[in-house]
Structure formats: structure tokens, C-alpha cells
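> Take this sequence and fold it.
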Amino acid sequence: MEGDGIQAAKLEGEELKLCEDEVSHLALDIGGSLIKMVYFSSNSICSGDDQKNGFIKDRSDTAGGNLNYTVLSGRLHFLKFETTKISECMKFISTKRLQEYGGKDDEAPASDKNIIKATGGGAFKFADLFKEKLGIILDKVDEMSCLVAGANFLLKAVHQEAFTYLDGQKDYVQIDHKDLYPYLLVNVGSGVSMIKVDGDNEFERVSGTSVGGGTFWGLGKLLTKCQSFDELLELSRQGNNRMIDMLVGDIYGGMDYSKIGLTSTAIASSFGKAVSENKELEDYRAEDVARSLLRMISNNIGQIAYLNALRFGLKRIFFGGFFIRGHAYTMDTLSVAVNFWSKGEAKALFLRHEGFLGALGAFMSYEKKGFTDITHQYIEQNSSIPKSSFCTEDGSESSTRAHVRDNECIECRVQVRN
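Down below sits the predicted model:
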């Protein structure tokens, strides 16, 4: 999108002139499996309706008095890279000169002036590498704080952010900001963290499991020879887990075990058929192996999530993290697990920007430092642009995709200090 720095857009029905995008405030979430990136690019043109509607102002009343600010129209960009290919991430940053768009410490030596907000374990592990290769100082932000800040922001600020998915039916959920808390946030990355959120900056990590996205990817790579997470997910779409999983019906001669509420199609033992069949790994379809593995891990996460929600009397469970990736079968499995164990009392909800909670939280933390000019106030997408409208890195728009995919962006406005 920034290849030639030129972008066209529509705002409040007016055709805007071409203008040069200005990039600002890069933030990273460097996990064990994936690097997530968020940055903002703004243009210098806003329509006259913005002033009429109160979007462009000269001053703002704050708790500490008046503060000059401007509201910029632009895009939040979302990208991801495999952590094992961190060199590709660094090349992208260098090519776009994104290392120049973080915070500035004017009192630091010239080599240490570029400060980028970063979270995740990789912010510690690769700190020296980023400094050596790009001259970047990673300002490390607490991972759990970022996850919660990112989730709270999305649930409050982004239209149609949360949705349910059950039996192939996707329904967006209107979030009542006055009744948002408490909720359980289940972040499924390489591992899984379960966080009870009671408010802004009020949270507690109450549980977790080591069986997460990294488990799916690692075992899948060993069992199917897939070389990427996306390839493994795509393989699972074509599989049939019943070829490997032992079902209740396999044990009860095709019948339900109705006394305890188990249907004949319920999984009694994941990969259980491999025990009784005289077959080797190569005798099974890789697609079926991937499907069974995905089902096993999703069921396990769903059950543990519900048990933790039960501990605290929580009815809403928000699932985030790149393991989900908008994958229909994954979401359906998590939803069925929560619905089954809670007897319909708890609800599994998903987020459109599920994989970028940590990176968004790190991005928003620029507001807390004196060297930043971004405040903690964001305005919803341009009202004339469909709420499900996204743009790709080449600037083209699509109003048909309701889920943010890799390397895309959303229209937004950001308030900045003058």
C-alpha cells in the first residue's frame, strides 16, 4: 500500500483527492510461533463533513484541562510473520522504514533513538537482534496487559467485533459496554492463557494449558509433513476425524449412550481407532490426521475454558489468538464444547481481530509514555464505509469479507496531540 505513498478513499460520500500516507507508531507482538505487527498510516485530507460532525477539533477538554489535538483519518495495518522467519519481518520493517515510526527518545544516543513497543516472549529473546539489524530499541510491554487492553479496545470501539459461531451459523453480537465485565478471555497462541477480565487494567490470569496452537502445528508437522500452519489448517478442512477417532457409537454398536447424554457421534477417544487397527501412520490420510488433531486440541481448550468460566460464574468466553484464524471447524468445535459442558448456559464468542490482541495492546500503550503523541481515544470506522470493509496491502477494498485476514487493514480515525 505504501509502495508509492498514494491512496484514494471515500469519506462521508465525498471523493477525496489523492494524498500521501504518513506511517506512525509500529508495535509488535513476538510470540513463540508468530510475529504479529500493527501500525497506523494516516493521510492529510479529511472532508468538510468531519468538522461539521465534530471529528476535527482544535481543543479537547480533559481531566487535566484543555489539550490541543487533531483527528487523523487513516488505516490500522495488521500483518503476521512466522517467528522462525524473523528475517522476513525485519526485511519488511526495513523496506517500509517502519523502524522510524515508533517513539523517540531525544536524550538517548543517536543509535538508540528509535523505540518500538513490543510484547511477547520474543521481545526479550530477540531484543539484541532488532537493535543490531535495525537500530531498534524494543520497549517491552507486559504481555497479559496488552492482551486485555487489545480485547477491551476492540469490544468497545469496533462495530461487529464479537460473534458466535455454531452449526455453521455466524451471528454478530452487540456488546453492551455497561455490561461487558466480567468475562473470560482465552488467548490461544503457541500455548493457552485464560484471563478473567474485570475491567480496564483489572484482570487475573486464572489458568492455561500448554496444549495450544504450537501443539497443533508441531504435532501436525511431525505427522503430516506440512511446512506451515496455514497448510495444516487447509489440510484439516478436507479431512474426516471419524476415520481415526474412536466414537461412542464405535463402542456401543452405533447407539447413543443416552443415559449420560452422549450421542453416538461423540468422540470417546481421540486417535483411538489407531490402537485397534493394524495400520501404520502412512496408511492414514494426512487430511484425516490433521482433522483429528484439530478436533482434539479444540475440544480440550473448549472444556478447560468452560471449567474456568464455571469457577468464577462467567457466562461469556471470548476466544482470541492466531490458532483460530476464523477457521469454521475450529470455532464450531470450541462452541460445541462450551455449549455441551455448560448445558447451554455459557457462550463461546469470537473476535474478528483475534490474532492481534497483544499487538494492538502494545500499539495503544504509546499513549502512556511522554514521548508519544497518540492519545487513548479512537473513533469508529468512517460511517460511509461498510462496517465490514477492509483493504489489502495494495490498497484495494472489499466489502464482502467479514473477518480480518493476514496482512490487511481497517479504516479508522486516531486522535493525536499537536
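> So which residue is smack in the middle of this structure?
Central residue of the chain (C-alpha atoms, centre = their mean): residue 355, 1.9 Å from the mean position.
> Return the residues in contact with the closest residue to that residue other than its chain neighbours.
Counting by C-beta to C-beta, 6 or more residues apart in numbering, the nearest residue to residue 355 once its immediate chain neighbours are dropped is residue 322, at 3.8 Å. From N, CA and C alone the C-beta is placed, and that goes for glycine too. Residue 322 makes contact with 31, 33-34, 36, 80, 188-189, 213, 229, 354-355, according to C-beta atoms under 8 Å, 6 or more residues apart in numbering.
> repeat that for 7 Å
Applying C-beta atoms under 7 Å, 6 or more residues apart in numbering, we find residue 322 in contact with 34, 80, 189, 213, 355.
> Likewise for residue 265?
By C-beta under 7 Å, 6+ apart, the contact list for residue 265 reads 247, 249.
> Please apply the same query to residue 339.
Neighbours of residue 339 in contact, by C-beta under 7 Å, 6+ apart: residue 166.
> Are we agreed that it is in a strand?
No: going by DSSP: H, G, I helix; E, B strand; the rest coil, the assignment for residue 339 is helix, not a strand.
> Look up the pLDDT of it for me, please.
Looking at residue 339, its pLDDT is 92.
> again, but for residue 390
33.
> Next: residue 403.
35.
> Repeat that for residue 41.
82.
> cool, residue 64 as well?
Residue 64 is assigned a pLDDT of 44 by the prediction.
> Quick check: phi and psi on residue 345?
phi -80, psi -30 (degrees, to the nearest 10).
> Pull up the gap between it and residue 92, please.
45 Å (C-beta to C-beta, to the nearest Å).
> ranges for the helices of this protein?
Secondary structure of the chain (DSSP state H): helices located at 48-52, 86-96, 122-125, 127-134, 143-157, 213-224, 229-237, 248-251, 273-276, 286-312, 328-342, 357-364.
> rewinding a little: who has more neighbours, residue 345 and residue 92?
Between residue 345 and residue 92, counting by other C-beta atoms under 10 Å, residue 92 is the more crowded of the two (15 against 12).
> Could you check how far the more buried one is from residue 128?
From residue 92 over to residue 128 (counting by C-beta to C-beta), the distance is 20 Å.
> Show me the contacts of residue 322 that map onto strands.
Counted as lying in strands by DSSP state E, out of the contacts of residue 322, are 34, 80.
> How about the contacts made by residue 138?
For residue 138, the contact set (C-beta under 7 Å, 6+ apart) comprises 116, 118, 123, 127, 130.
> What's the local residue count around the residue lying closest to it once chain neighbours are set aside?
Leaving aside its chain neighbours, residue 138 sits nearest to residue 118 (4.2 Å; criterion: C-beta to C-beta, 6+ apart). Neighbour count for residue 118, taken as other C-beta under 10 Å: 29.
> Report the residue spans of the chain with pLDDT below the cut-off.
Counting by pLDDT under 70, the chain shows low-confidence ranges at 1-21, 43-72, 101-113, 367-408, 411-418.
> and if we set it to 50?
1-20, 44-66, 106, 110, 369-406 (pLDDT under 50).
> Now render the helices of the chain as TSV, adding distance to residue 170.
TSV is the format used below for the helices of the chain (distance: least, C-beta to C-beta, whole Å):
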stretch	distance to residue 170
helix 48-52	33
helix 86-96	31
helix 122-125	32
helix 127-134	38
helix 143-157	17
helix 213-224	21
helix 229-237	17
helix 248-251	28
helix 273-276	32
helix 286-312	17
helix 328-342	8
helix 357-364	20
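> Quick one: closest of those to residue 196.
Minimum separation from residue 196 across these (C-beta to C-beta) falls at helix 286-312, 5.6 Å.
> And the closest one, what's buried?
In terms of neighbour count (16 or more other C-beta atoms under 10 Å), helix 286-312 has its buried residues at 286-302, 304-306, 308-309.
> Which residues does residue 184 form beta bridges with?
residue 196, residue 317 (DSSP bridges).
> now, which of the contacts of residue 138 sits nearest residue 209?
residue 123 (22.8 Å).
> contacting residues for that closest one?
If you count contacts by C-beta under 7 Å, 6+ apart, residue 123 has them with 30, 138, 140.
> who are the neighbours in contact with residue 186?
192, 194, 301, 305, 317-319.
> Just the closest of those residues to residue 22, please.
Using C-beta to C-beta, the contacts of residue 186 come closest to residue 22 at residue 318, 33.2 Å.
> Please work out how many residues are found near that closest one.
Around residue 318 there are 25 residues (other C-beta under 10 Å).
> so the residue nearest to the centre of the chain touches residue 321, yeah?
Yes: using C-beta atoms under 7 Å, residue 355 is in contact with residue 321, at 6.3 Å.
> what's the burial count for the residue nearest to residue 164 when sequence neighbours are not counted?
Spatial nearest neighbour of residue 164, chain neighbours left out: residue 171 (5.1 Å); criterion: C-beta to C-beta, 6+ apart. By the criterion of other C-beta under 10 Å, residue 171 has 10 neighbours.
> So residue 171 versus residue 351, what's the distance?
Counting by C-beta to C-beta, the gap from residue 171 to residue 351 is 14 Å.
> Same question for residue 23.
Distance of residue 23 to residue 351, computed by C-beta to C-beta: 25 Å.
> And those two? Which one has more around it.
residue 351 (25 against 20).
> For the nearest residue to residue 361 once chain neighbours are set aside, give me its contacts.
Closest residue to residue 361 apart from its sequence neighbours, by C-beta to C-beta, 6+ apart: residue 146 at 2.9 Å. By C-beta under 7 Å, 6+ apart, the residues touching residue 146 are 29, 119, 358, 361-362.
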